[in-house]
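1. Fold the following, please.
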Amino acid sequence: QVQLAESGGGLVQPGGSLILSCAPSPRTFTNYVIGWFRQAPGKEREVLIVMNWNGGGTYYADAVNGRFGISRDITRNTLYLEMKRMIPEDTAVYYCAAKFSINYYDLSRAQGEYDYWGQGTQVTVSS
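-> Prediction:
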């Protein structure tokens, strides 16, 4: 069993930046695909960015490409979602999720394929 701990959510002004982090416990992200998702009020949960921890490849949804980025600290076994030039439409609960996969090219966007989910962290973009 893997628990994902997310942190970094909060209130940010339009145009501002925020960094979310996700770390697994008790294991590492080795052999996992990790995705960042979000669910805005009244909307379905959507995929934002996916990273294959082994292969390092990434997928970016069109909605966040150019504003959001993903990075990792291998020594701390932590994945980061870096959000810039934020807009009110970014207001949502943000989730990280992990899918076990030994395929170095796996960048699944299908939520049903993810084995573990974090509790979610609220991000609000408002002045």
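
2. which residues touch Gly15?
-> By CB atoms under 8 Å, 6 or more residues apart in numbering, the contact list for Gly15 reads 85-86. C-betas here are computed from N, CA, C, even on glycine.

3. Look up how far Glu82 lies from it.
-> For Gly15, the distance to Glu82 equals 15 Å [CB to CB, to the nearest Å].

4. Please save the CA atoms from stretch 93-100 in PDB.
-> The C-alpha trace of stretch 93-100 is given here as PDB (Å, rounded to 0.1, in the frame of the first residue of the first chain):
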ATOM      1  CA  VAL A  93      -8.600  20.500  -5.700                       C
ATOM      2  CA  TYR A  94      -5.300  19.200  -7.000                       C
ATOM      3  CA  TYR A  95      -4.400  15.500  -6.700                       C
ATOM      4  CA  CYS A  96      -1.300  13.400  -7.300                       C
ATOM      5  CA  ALA A  97      -1.800   9.800  -8.200                       C
ATOM      6  CA  ALA A  98       0.500   6.800  -8.800                       C
ATOM      7  CA  LYS A  99       0.200   3.900 -11.200                       C
ATOM      8  CA  PHE A 100       2.500   0.900 -10.900                       C
END
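
5. I'd like the average pLDDT over that stretch.
-> Per-residue pLDDT over stretch 93-100 has a mean of 97.
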